[in-house]
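Asker: Prediction below, plus the sequence it came from.
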Amino acid sequence: MPYVDVHEQQLRGGVIYKLGQMASQELGYNAEFVETPNKRIDEFMQRGRIHVICNSNPQWLDQPERYHWSAPLYSEEDVLLLHRQHSTINSLHDLYGKTLGTQLGYVYDSALMNAFAKQQIIRQNLRDQSAGLNLLRKQRLDAIIDMHRTLIFQLRNSNDGALQINPWVIDRYDMHCIYSPQLPIKAELLDKVLQELHDKGLIEQMLNES
């Protein structure tokens, strides 16, 4: 959250759920949401098991040119969550030698990915959000990296005074929807619907309400 709210492997709410429902209704379809592991996304998209993914960015895919991309729908940024007893982090160099909680399969800023590859920063993939927060509270992690809105939501709902969002922004990027080559309608139609939802302020409203 605030992007996806999953219970028993079913999407029940969140911005992506609302966006999918709203866009599909405008097109006269019923949206079906399919939980998909990161490593199966390309396969599922290419054979039409799934038709649309939202909350994505071209830098996260090996071959983004294989897909049709919507216009930017909103922006996000990667930031750090720290224990209040830890010093503020202002640069990549401040992270050297530290252990950073990450999401499995997630591609971060190129400079950070390079630091992971050189083991200047230790990457520790987290089982889930709650496990990461627990490790950070116990100071068994130096920081967690995640989307800003996600961290704001977590802190607001956990009421955890031991943790705080670090002010340094590691990366800013636009968020898009991408379409499978097997999309059952013309891509331009979905482009138009998503752009209208953006222009009417409905996507921003969903983000603000979450």
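Answerer: Right, received. Where do you want to start? Numbering: from 1, shown residues only.
Asker: would you list every one of the helices in this structure?
Answerer: Along the chain, the segments classed as helices by DSSP state H run 15-27, 41-47, 110-117, 129-137, 148-158, 187-199, 202-209.
Asker: How is the chain partitioned into domains?
Answerer: If you go by automatic domain parsing, the domain ranges for the chain are 5-74+172-209, 76-171.
Asker: Any chance of JSON lines for those domains, columns mean pLDDT?
Answerer: Formatted as JSON lines, the domains of the chain follow (pLDDT from 0 to 100):
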{"stretch": "domain 5-74+172-209", "mean pLDDT": "93"}
{"stretch": "domain 76-171", "mean pLDDT": "94"}
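Asker: Including mean neighbour count, could these go into TSV?
Answerer: In short, each C-beta sits where N, CA and C put it, glycine included. Formatted as TSV, those follow (neighbours: other Cβ atoms under 10 Å):
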stretch	mean neighbour count
domain 5-74+172-209	15
domain 76-171	16
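Asker: sorry, back to before: closest to residue 69 out of the helices of the chain?
Answerer: With respect to residue 69, and counting by Cβ to Cβ, the nearest of the helices of the chain is helix 187-199 at 9.2 Å.
Asker: Quick one: residues contacting residue 9.
Answerer: If you count contacts by Cβ atoms under 8 Å, 6 or more residues apart in numbering, residue 9 has them with residue 35.
Asker: swap the cut-off to 10 Å and go again
Answerer: By Cβ atoms under 10 Å, 6 or more residues apart in numbering, the residues touching residue 9 are 34-35.
Asker: So it versus residue 76, what's the distance?
Answerer: As for residue 9, its distance to residue 76 is 25 Å (criterion: Cβ to Cβ, to the nearest Å).
Asker: what do you get for residue 91?
Answerer: From residue 91 to residue 76 the distance is 21 Å (Cβ to Cβ).
Asker: what do you get for residue 110?
Answerer: Between residue 110 and residue 76 the computed distance is 17 Å (Cβ to Cβ).
Asker: before we move on, what about residue 3?
Answerer: Applying Cβ to Cβ to residue 3 and residue 76 gives a distance of 9 Å.
Asker: list residues touching both of these two?
Answerer: 55, 147, 149-150, 175, 207.
Asker: Could you save these as TSV and add columns showing distance to residue 41?
Answerer: Output for the shared contacts of residue 3 and residue 76, formatted as TSV (distance: Cβ to Cβ, whole Å):
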residue	distance to residue 41
55	12
147	18
149	22
150	19
175	16
207	23
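Asker: Just the closest of those residues to residue 130, please.
Answerer: Relative to residue 130, the closest of the shared contacts of residue 3 and residue 76 is residue 150; by Cβ to Cβ it sits at 12.7 Å.
Asker: Make sure that closest one is actually in contact with residue 2.
Answerer: Yes - with contact defined as Cβ atoms under 10 Å, residue 150 counts as touching residue 2 (7.1 Å).
Asker: how about the closest residue to residue 26 other than its chain neighbours, what does it touch?
Answerer: Counting by Cβ to Cβ, 6 or more residues apart in numbering, residue 26 lies nearest to residue 193, which is 4.7 Å off, once chain neighbours are set aside. For residue 193, the contacting residues are 22-27, 70, 185, by Cβ under 10 Å, 6+ apart.
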